[in-house]
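Undergrad: sequence-free structure coming up:
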């Protein structure tokens with residue numbers, strides 16, 4: 001019921017990141033309470049799969065909320081990379097379980113990817129599914145050490161892509177076709193961010209060489 005023309009920029013951005021509606025159905029994880037604290041969504045695309053996990057704190061004080069990866073239907077003997085969507089922060093690599101301190105009346109939205117031991121896509125700020133809507137493809141060329149992909153961009157709306165780059169790999173070149181690369185930045189936490197945009201809505205491709 002909000003008047004969209006009067007929304008502050010922060011609130012409008014939240015709506016943009018929740019649209020378009022994705023044809024998915026998230027499931028709640030235990031415990032079964034009136035207000036469920038954990039929702040898990042399986043994302044399956046031809047180029048890969050990952051989990052989007054939403055942690056809710058309905059209380060009036062900060063709380064630790066945790067889950068085991070096997071509760072998501074994932075193998076318990078693997079390492080998983082966890083990315084925090086709202087805070088645009090890499091939480092790290094984890095085994096068996098993940099726990100987060102969630103502020104009162106707040107939410108933490110995560111992308112959970114199985115670690116591949118080589119550069120891989122983690123997230124995008126375009127949509128809460130973190131790639132389920134805007135990313136059209138991602139591929140790794142082991143022989144040439146190239147990570148490439150394609151995505152849909154909205155007119156004059158920059159999109160940030162986040163990648164994990166493990167030790168032993170160093171970015172040597174960045175290419176984009178159909179889009180402008182506004183920024184490419186490597187961080188101490190082993191993530192790489194790339195901001196791309198285009199003047200008209202449409203698809204673009206990118207290529208990261210290592």
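TA: Happy to help now that I have it. It should be emphasised that the depicted structure is a prediction, and the values quoted were computed from it without experimental measurement.
Undergrad: centre-most residue in the chain?
TA: The centre of the chain sits closest to residue 123, judged by CA atoms, centre = their mean, with a distance of 2.7 Å.
Undergrad: go ahead and confirm that one touches residue 138.
TA: No. Residue 123 lies out of contact with residue 138 (CB atoms under 8 Å); the separation is 11.9 Å. From N, CA and C alone the C-beta is placed, and that goes for glycine too.
Undergrad: about what we covered before: tell me how far the residue nearest to the centre of the chain lies from residue 83.
TA: For residue 123, the distance to residue 83 equals 5 Å [CB to CB, to the nearest Å].
Undergrad: which residues do these two both contact?
TA: Shared contacts of residue 123 and residue 83 (CB atoms under 8 Å, 6 or more residues apart in numbering): 111, 130, 162.
Undergrad: just those: which are in strands?
TA: In this view, those that belong to strands under DSSP state E are 111, 162.
Undergrad: from the shared contacts of residue 123 and residue 83, which is closest to residue 74?
TA: residue 111 (13.1 Å; CB to CB).
Undergrad: which residues sit in contact with that closest one?
TA: By CB under 8 Å, 6+ apart, the contact list for residue 111 reads 50-52, 82-83, 85, 122-123, 130-131.
Undergrad: now for the helix or strand hosting residue 195, which elements pack on it?
TA: Using DSSP states H and E, the element containing residue 195 is strand 191-197. In terms of contacts (3 or more CB pairs under 8 Å, 6 or more residues apart in numbering; DSSP states H and E), strand 191-197 is packed against strand 146-153, strand 159-164, strand 180-186, strand 202-209.
Undergrad: no more questions from me, cheers.
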